[in-house]
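Chemist: Sequence first, then the predicted structure:
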Amino acid sequence: MIKKFLHSGYTTGACATAGVKAALIFMTTGEIVREVEITALDGTPLKIPVASVEKISDGVRAEVIKFSGDDPDITNGTAVFTTVKRILGDEIIFKAGLGVGHVTKAGLQLPIGEPAINPGPRKLIQNVAAEFNISGLEVEISIPTGVELAKKTLNPILGVEGGLSVIGTTGVSRPMSEEAFKNSLVPQI
């Protein structure tokens, strides 16, 4: 019997985090990078390609293309845009851009009305901001195809409207792992 090695990828949350890191590198050094390395919450180093980085009126926007590895994820190949702006204060404010939903029902990991950017991705982004010793950020995540893709998911039933959830327990997308399967069932019970 031949065993096939399955390739891991990275989650939408890891894509957004890579976008934040690319944006912060540009903000602090002026350098446009084509790849960044982030550390997943389980300690796995992830090297993630960056499709683009550009200055916008009051911040920086980065684009990362989602790679799911051999996991049959609906978002594989999807563009994830992260817009980062400096703000007064010392907190990170998360915003849902085009294609990222909002929580509409109780029982999820976030309060009703919050952008559907789950705790794992939020922690990853906070870790990257800490690497730069930067606080006071507004982070907006957009997935332009997210509204259409969300119609093919359980998001509306689970209580996420207006687009996809930015998810990822650790940042690593592991193909068809037992753990991933169990995690996918939890919100449905």
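Modeler: Yes, it's here.
Chemist: Figure out the length between the terminal residues of stretch 137-155.
Modeler: The first and last residues of stretch 137-155 sit 27 Å apart, counting by CA to CA, to the nearest Å.
Chemist: what is the rounded mean pLDDT of that stretch?
Modeler: Taken as a whole, stretch 137-155 carries a mean pLDDT of 94.
Chemist: Could you check it and say which residues are buried?
Modeler: Applying a neighbour-count criterion of 16 or more other CB atoms under 10 Å, one finds 137-146, 149-150, 153, 155 buried in stretch 137-155. Any C-beta I mention is one placed from the backbone N, CA and C, and that applies to glycine too.
Chemist: Just the helices from this protein, written as ranges.
Modeler: Taking DSSP state H to define them, one finds helices in the chain at 12-29, 119-131, 146-150, 155-158, 178-185.
Chemist: Okay, strands next: where are they in the protein?
Modeler: 9-10, 35-39, 45-49, 52-56, 59-65, 79-86, 92-96, 102-103, 137-142, 160-161, 172-173 (DSSP state E).
Chemist: now for the fourth one, which elements pack on it?
Modeler: On a contact count with 3 or more CB pairs under 8 Å, 6 or more residues apart in numbering; DSSP states H and E, strand 52-56 meets helix 12-29, strand 59-65.
Chemist: and residue 131, which of the ones you listed is closest to it?
Modeler: Proximity to residue 131, assessed across the helices and strands packed on strand 52-56 by CB to CB, is greatest for helix 12-29 (7.7 Å).
Chemist: How far off centre is that closest one?
Modeler: Between the centre of helix 12-29 and the centre of its host chain there is 11 Å, according to CA atoms, centre = their mean, to the nearest Å.
Chemist: who's in contact with residue 137?
Modeler: When the contact criterion is CB atoms under 8 Å, 6 or more residues apart in numbering, the partners of residue 137 are 20, 84, 85, 86, 87, 92, 93, 129.
Chemist: do residue 61 as well
Modeler: With contacts defined as CB under 8 Å, 6+ apart, the neighbours of residue 61 are 23, 52, 53, 54, 81, 82, 83, 84.
Chemist: Can you name the residues bridging to it?
Modeler: According to DSSP bridges, the residues that bridge with residue 61 are residue 54, residue 83.
Chemist: re earlier: for the helices and strands packed on strand 52-56, which one sits closest to residue 123?
Modeler: helix 12-29 (8.9 Å).
Chemist: packing partners for that closest one?
Modeler: Under the contact criterion of 3+ CB pairs under 8 Å, 6+ apart, the helices and strands touching helix 12-29 comprise strand 35-39, strand 45-49, strand 52-56, strand 59-65, strand 79-86, helix 119-131, strand 137-142.
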